[in-house]
Every structure is written in C-alpha cells, then in structure tokens.
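Undergrad: this one's structure only:
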C-alpha cells in the first residue's frame, strides 16, 4: 500500500473506533439509567435476563473496540515503516518506531472493562437500595 492509502485507512479506522466507543458508552449509560429508575421493580428473572443480554452485548462490543484500536496501532506502525518522511506529520507514524504501540488498545480494553464492571455494580447497588427502601417503609 502507498503511504497515503495507509493514512486514509488509518483515519477510517480511527473514525470507526470512535463510533464504536460512543455506541458502547451509550449502552453503558443507558443501563445505568435503567438501573437507577427500575432496578428495584424488576424481579430476579427479569434482572438476570437483562444483565445476561447486556453482558453478551458488552463483551462483543469490547472485543470489537479492542480489535479496532489494535488495528489502529498496527497501521500506525506500518505507516512509520513504509511512509518515510512523507507521513512524519502524523503523530502515530512518528511515535511507532519500535513496534506497534500496544499500550493504546490495552488501556482502552481496561477502560471498557471498568465501565462494564462499574455499571454492573451500580445495578446491584441500585437494586439493593430500592429493596431496602421498600422493606423499611
């Protein structure tokens, strides 16, 4: 591939990765909102079903996001190798000289997993709080 084809592909992957991350965060925040408003009203079966579907969706999205950011790092490394001075104006092509910067996809992976765990914790805390409020009143 020509260096500028790599640059175009790089920016398309960046755009796709940002869209996937925005979709993931939308779903996580929607579950947080649902947890706040209706977690106490759901019975155990409905809660389990909701969280199972949510978990399958999240793990699929996290996998997709991780691979997109990994591909972005790999293409940045390829640009550094093949672009020469033509692509030195791109930050990723400048910094990736010893191999693909894998800290980017792994830090995004940890961030996504922490968002998932935080939303699950919030669901259980909201459910527990709603149940305690109905028992004391």
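TA: On my side now, so go ahead. Computed from a prediction, not measured in an experiment: that's the story for all the values here. Numbering: from 1, shown residues only.
Undergrad: what's the pLDDT at residue 95?
TA: Here, the pLDDT recorded for residue 95 equals 61.
Undergrad: low-confidence stretches in the chain?
TA: 83-97, 134-135, 137 (pLDDT under 70).
Undergrad: if we go to 80?
TA: In the predicted model of the chain, residues 1-4, 6-7, 76-101, 130-137 satisfy pLDDT under 80.
Undergrad: what's in contact with stretch 33-46?
TA: Here stretch 33-46 makes contact (Cβ atoms under 8 Å, 6 or more residues apart in numbering) with 47, 50, 119, 122-123, 126-127, 129-131, 133-134. Where you see a C-beta, it was placed from the backbone N, CA and C, and this is true even at glycine.
Undergrad: how far does that stretch stretch from one end to the other?
TA: End-to-end distance for stretch 33-46, by Cα to Cα, to the nearest Å: 16 Å.
Undergrad: please renumber the chain so that the first residue is 801 from this point on.
TA: New numbering, starting at 801: the last item is stretch 833-846.
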